[in-house]
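Asker: Turn this into a structure:
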Amino acid sequence: MNNYIKKGRQLKKRKMFKLFIMMIAMLTIAGFGFMLLWNAIVPDVFGLGEITFFKGIGLIILAKILFGGTSPNINKKSPQPKKVEEPPVDTTDADELYEKWWDEEGEAYFDNYLQKSQESEH
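Answerer: Sure thing, here's the model as predicted:
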């Protein structure tokens, strides 16, 4: 059992070391690429000076701080709330009920409202 734990820790250390090396390699490639693009485009277009490799890395880090970037959960989908489908509303019944109400009660209410408005104006 003890050997199993030691092997697990060794694997974890190896994975962390590989991850660290990969991050350094990616940062180096990104910094070098950023420096090349900047020096090829920006001085001619905007009249700014050329940058060094370390300034390129610094600008990448600054952009990451200011604008964010990929989250650690880039491959995991965030849970989306389930959409509840509502049944379609049949408005023909509502229209018929409104017409029936207007014929029976609505017109009387409206006439009463008009009469009160005219009395309050005088």
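
Asker: Show the residue spans covered by the helices in this structure.
Answerer: Assigned by DSSP state H, the helices in the chain fall at 2-46, 53-67, 91-101, 107-121.

Asker: Looking at the ones you listed, spot the one closest to Lys83.
Answerer: Lys83 lies closest to helix 91-101 among the helices of the chain, at 22.3 Å (C-beta to C-beta). To be clear about C-beta, it is placed using only N, CA and C from the backbone, and glycine gets the same treatment.

Asker: quick revisit: between the helices of the chain, which gets the lowest average pLDDT?
Answerer: Mean pLDDT across the helices of the chain is lowest at helix 91-101; the value there is a mean of 78.

Asker: From the chain's centroid, how far away is that helix?
Answerer: Per C-alpha atoms, centre = their mean, to the nearest Å, the displacement of helix 91-101 from the mean C-alpha position of its chain is 43 Å.

Asker: what does stretch 57-74 give?
Answerer: Its chain's average C-alpha position is 16 Å from that of stretch 57-74, according to C-alpha atoms, centre = their mean.
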